[in-house]
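**Student:** Predicted model and sequence below, questions to follow.
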Amino acid sequence: MSKVTGRSRAERRIRWIGAGIVLVGVAAAGVVYAVNRDESTTTARVVTVVADKGDVTLDVATTGTVEPAITRSLSFAAGGTVAAIAVRAGNKVEQGDELATLDDADATEKVSDAATKLAEAQDRLATAETNAAAATASATACAAATRTGGGGAPVAAAGSATPCATQGFPDTGNDQVLSAEQAVNNAEVNLAEAEEALDGTVIKAPIAGTVVSISGSIGDKVNSGSAFIGLADTYDMQVSADFPEADAGSLAKGQTGTVTLADSDETYEASVVQVDPVGTSDGTLVRYGVLLSFTDAPSDLLVGQSAQVQVRTGEASGVLRVPSTAVHDVAGESGTVMVDSGSEPAERTVTVGLRGDQYTEITDGLSEGEQVVRSW
């Protein structure tokens, strides 16, 4: 092989390499150009929406807990030893059902004693009335057989100095019938109290509901009036929820909402029945308690069941609206939108009404059908 031939091959190799480098450079430049062109096109593209008429709604949400509307703390009306407990927590009961009893031996004996004393007092009253009637008859007969002396006092007919007895008062003039009647009244009161104490050894359900707590067991000593059984009216359930103060200011009695129970996708209509006037603080956030009542409560609600709560605090129907993301620089009732009239989009000041979760009401400065930039 000659030196000329070898040199030629080397030169051709160099030319081919150079050509390859040029081609790579051209391709890279094309890619850069294409990317820049696409970025320029993307940057220039805007998404517009039409200002239309419809509904604007505003909701606030939090978590809550299902609880009974009414909870009763039941106690024995007498003190004593617990003899029987007929229920346990979770049992459903009907009004009038017997829930627990005390050992009533002492109370029963007191009722028996009081009844005996009442019978004795009634016997004494009957005797007093009999004696009074006899004394009255005797005095009347004596008076009929006497003559009246100068002083007018009746005396014995045979000239005896012994005066006739005053009618109805054969002894010293005390009213024995009145005393006996008072004794009967006192005995009746004592019997009523003893019977009430006997009744107090039994706790009965004042309403239909569910037993939620029992504060004792058989054999325990309890005092009169001490809470022993907690009974909840689970046929009238509600939801208790705490809202942060930023939302609480817009909450009011009568507002409608929805409740979604834990582990369920079904929602139930509800309404606000109470908003606490005073909030509670955990050190970082102030919350206000709110109670919601079910419009039609499901039958399988559980006390303490968690739920998602949503309350509608604002609503405007058939108003001019745009997506809330299209409104910027809101201050009071003023805001700014970007109107696309076919050329370059331009900012425009508008008057806003209700600012909802998805849409914002426009009350002035924009007409139905105009195009606005959805987000800018």
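**Tutor:** That came in fine, so what should we check first?

**Student:** C-alpha only now, for contacts and for neighbours.
**Tutor:** Noted.

**Student:** What are the boundaries of the strands in the stretch 101-250 of the chain?
**Tutor:** Applying DSSP state E, counting those that start in this stretch to the stretch 101-250 of the chain gives strands spanning 202-204, 209-214, 221-222, 227-232, 237-244.

**Student:** Direction included, what does the strand or helix carrying Lys53 pair against?
**Tutor:** Using DSSP states H and E, the element containing Lys53 is strand 52-68. Strand pairing for strand 52-68, determined by DSSP bridges: strand 237-244 (antiparallel), strand 306-323 (antiparallel).

**Student:** Comparing those strands, which comes out most buried?
**Tutor:** Per-stretch averages of neighbours, counted by mean count of other Cα atoms under 10 Å, single out strand 237-244 among the strands paired with strand 52-68, with a mean of 23.

**Student:** Contact partners for the nearest residue to Asp357 once chain neighbours are set aside?
**Tutor:** Residue nearest to Asp357 in three dimensions, not counting chain neighbours: Leu58, with 5.3 Å by Cα to Cα, 6 or more residues apart in numbering. Leu58 sits next to Arg312, Thr313, Gly314, Glu315, Arg355, Gly356, Asp357 when contact means Cα atoms under 8 Å, 6 or more residues apart in numbering.

**Student:** Now the fourth one: closest residue in space, sequence neighbours ignored.
**Tutor:** The one in question is Glu315. Nearest residue to Glu315, sequence neighbours excluded (Cα to Cα, 6+ apart): Thr57, at 4.4 Å.

**Student:** check contacts around the one you found.
**Tutor:** Counting by Cα under 8 Å, 6+ apart, Thr57 has contacts Arg312, Thr313, Gly314, Glu315, Ala316, Leu354, Arg355, Gly356, Asp357, Gln358, Tyr359.

**Student:** likewise Asp329?
**Tutor:** Shown in contact with Asp329 (Cα under 8 Å, 6+ apart): Gly335, Thr336.

**Student:** Secondary structure element holding it?
**Tutor:** Going by DSSP H and E, Asp329 is in strand 328-331.

**Student:** all helices for this structure, in order.
**Tutor:** Applying DSSP state H to the chain gives helices spanning 3-44, 105-144, 176-199, 245-248.

**Student:** Those helices: lowest mean pLDDT?
**Tutor:** Looking at the helices of the chain, the lowest mean pLDDT belongs to helix 3-44 (a mean of 50).

**Student:** What distance do you get for Gly80 to Leu118?
**Tutor:** Using Cα to Cα, to the nearest Å, Gly80 is found at 25 Å from Leu118.

**Student:** coming back round to it: which stretch among the strands of the stretch 101-250 of the chain approaches Asp300 most closely?
**Tutor:** strand 237-244 (10.6 Å; Cα to Cα).

**Student:** got TSV for the contacts of Leu58, with distance to Cys142 and pLDDT too?
**Tutor:** What follows is the contacts of Leu58, written out as TSV (distance: Cα to Cα, whole Å; pLDDT from 0 to 100):
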residue	distance to Cys142	pLDDT
Arg312	95	96
Thr313	95	96
Gly314	97	95
Glu315	99	95
Arg355	106	95
Gly356	105	94
Asp357	105	92
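
**Student:** Among those residues, which one sits closest to Ala69?
**Tutor:** Arg312 (22.1 Å).

**Student:** If we ignore the residues flanking it in sequence, what's nearest that closest one?
**Tutor:** Going by Cα to Cα, 6+ apart, Arg312 has Asp59 as its nearest residue, at 4.3 Å.

**Student:** show me what contacts that neighbour?
**Tutor:** Counting by Cα under 8 Å, 6+ apart, Asp59 makes contact with Gln310, Val311, Arg312, Thr313, Gly314, Gly356, Asp357.

**Student:** Starting from Val290, give me the distance back to the third one.
**Tutor:** As for Arg312, its distance to Val290 is 13 Å (criterion: Cα to Cα).

**Student:** Confirm for me that Ala69 is in contact with Met237.
**Tutor:** Yes. Counting by Cα atoms under 8 Å, Ala69 touches Met237, with 5.3 Å between them.

**Student:** Would you agree Gly304 is in contact with Val212?
**Tutor:** No. Between Gly304 and Val212 there is no contact under Cα under 8 Å: 10.7 Å.

**Student:** rewinding a little: make TSV out of the contacts of Asp59 and add distance to Asp329.
**Tutor:** TSV is the format used below for the contacts of Asp59 (distance: Cα to Cα, whole Å):
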residue	distance to Asp329
Gln310	28
Val311	27
Arg312	25
Thr313	23
Gly314	21
Gly356	16
Asp357	17
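
**Student:** Of those, which is the nearest to Lys53?
**Tutor:** Gly356 (13.9 Å).

**Student:** The closest one and Leu118, how far apart?
**Tutor:** 77 Å.

**Student:** got the contact list for Ser176?
**Tutor:** Quick fix: residue 176 reads Gln, not Ser. Ala128, Ala132.
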